[in-house]
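K.L.:
Build the 3D model from these lines:
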Amino acid sequence: MEKIFIKSFYLSLLSLILFSCKKDDMNYKDVSVTPVKKLYAPVDNRSVKLLSSASASLYFEWEAVRAEDGGAAAYEVVFDKADGDFSDPLYKIVSDNNGYSNGATITHKILNRIAGLAGIEPGGTGAIKWSVIASRGINTIKSDESFSIMVTALQGFADLPDEVFITGEGSETGNDLSAALPFKFNATGEFEIYTKLEAGKPYYFTDRNNGTPRIFYSDNGSTLKEASATGSITASKTGVYRINLDFNTATIAYTEVTSIGIFFSPENRVLFNLDYQGKGIWKGTGVINFRQESWGRDQRYKFQMVTVANGTTNTGQLGTVNGTDSPPTASSPASYYYLRVLPNPSQWDDKWKFISAVDGKSTTITVLMQGSSPYTHTVQVN
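P.N.:
Predicted structure coming up:
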């Protein structure tokens, strides 16, 4: 009986030990990790001239560390301004091998973006700091060491946006990002919009109208910059503007549009102006009487646009994209009405012809210069 009791006692004790061990194994162990002690490359204060080539890169390397449990640590390279302390870094990027390598290949394209976030002007030279954060699970620790690199930024942006929007209190759609107005894509890195700005109210540009987009702005009215978190521009005068952004050269240009009117070629003058309706649309109504010539009634027209840029007033014209010498018919393509800013004003070149029903009648004409579709116009007999 005593032997049975002793045997039962030891079996119970063994079960308790096994249960305790299993329970301990199921508990999460808080594994610490040591900080990176030594940064290797690029060496401190190295000068780097960034290149626009997509394959151009710079290799960052540091001493590997081990976690308390002997496992491999993960790493992030962090960047900050020259006087930053990495408490709110400008940019973070995981190392090679999904974060488990003690080295990181970082493209010049990304470094140029970081340079912009650090306030380095396009084409300019400035310092940015880098360090490394090691982690194991939820535990992270930054290296006590940091190096600087002297970066000469690209003249423009390396990472060109595919689309651009305008938003903010000073824009036509206010702070609702989802309603932000799109720019028209003119060429790689080049965008244009016709829109109204409100004086004294901030606005800015984004590369998306949802989520957390990149933010672009200017602090001098001519140089385009990217903001790390927030940035805005304020118009000095309420008005309708053509805004041109060129991310290839990091430039921004404003042209105020003071009027758009119906230019009647036979009389070489504007018959009436169109009022700005918002969102790149102008509309006006008036009676148009064709000019009687010996060969018949002359109905040729285009548009006159008066602009102001850098204090200089300019009178230009909007005319045909596809040249024509005939009025439209019911089967004419939509492209008949497409328009563009003409390189040189003239009385007769690049004009359209009104349909006969316009002659002597009240007619509403609408010009649409919006980023989401080709620039065009409509003619409606009332």
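K.L.:
Could you report the separation of residue 37 from residue 45?
P.N.:
According to CB to CB, to the nearest Å, residue 37 stands 20 Å off from residue 45. All C-beta spots, glycine's among them, are computed from the backbone N, C-alpha and C.
K.L.:
List the residues that contact the nearest residue to residue 53 once chain neighbours are set aside.
P.N.:
Leaving aside its sequence neighbours, residue 53 sits nearest to residue 108 (CB to CB, 6 or more residues apart in numbering; 7.3 Å). Contact partners of residue 108, counting by CB atoms under 8 Å, 6 or more residues apart in numbering, are 50, 51, 52, 53, 56, 57, 58, 154, 158.
K.L.:
How about residue 199?
P.N.:
170, 234, 235, 236, 237, 238.
K.L.:
Go again with 10 Å.
P.N.:
Residues near residue 199 by CB atoms under 10 Å, 6 or more residues apart in numbering: 170, 234, 235, 236, 237, 238, 239.
K.L.:
Bridging across strands, which residues link to it?
P.N.:
Taking DSSP bridges as the rule, residue 199 bridges to residue 235.
K.L.:
tally of neighbours for residue 270?
P.N.:
Residues near residue 270, counting by other CB atoms under 10 Å, number 17.
K.L.:
Oops, could you answer that again for residue 145 instead?
P.N.:
For residue 145, using other CB under 10 Å, the count is 15.
K.L.:
Would you mind confirming that it is in contact with residue 86?
P.N.:
No: Residue 145 is not in contact with residue 86 according to CB atoms under 10 Å; the separation is 11.5 Å.
K.L.:
what about this structure, any weak spots by pLDDT?
P.N.:
1-30 (pLDDT under 70).
K.L.:
the domain parsing of it - what is it?
P.N.:
39-152, 165-249, 257-381 (automatic domain parsing).
K.L.:
just to revisit the earlier point, would you mind giving me the PyMOL syntax to select the buried ones in the contacts of residue 199?
P.N.:
One line in PyMOL is enough to select the buried ones among the contacts of residue 199; burial here means 16 or more other CB atoms under 10 Å:
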select buried, resi 170+235+239
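K.L.:
just the helices in the stretch 1-150 of the chain please.
P.N.:
With DSSP state H, counting those that start in this stretch as the criterion, the stretch 1-150 of the chain has helices at 2-26, 108-117.
K.L.:
Name the residues of the last one that come out as buried.
P.N.:
Read that as helix 108-117. 108, 109, 110, 111, 112, 113, 114, 115, 116, 117.
K.L.:
burial of residue 231, as a residue count?
P.N.:
With other CB under 10 Å as criterion, residue 231 counts 16.
K.L.:
leaving aside the residues next to it on the chain, what's closest to it?
P.N.:
residue 217 (3.6 Å).
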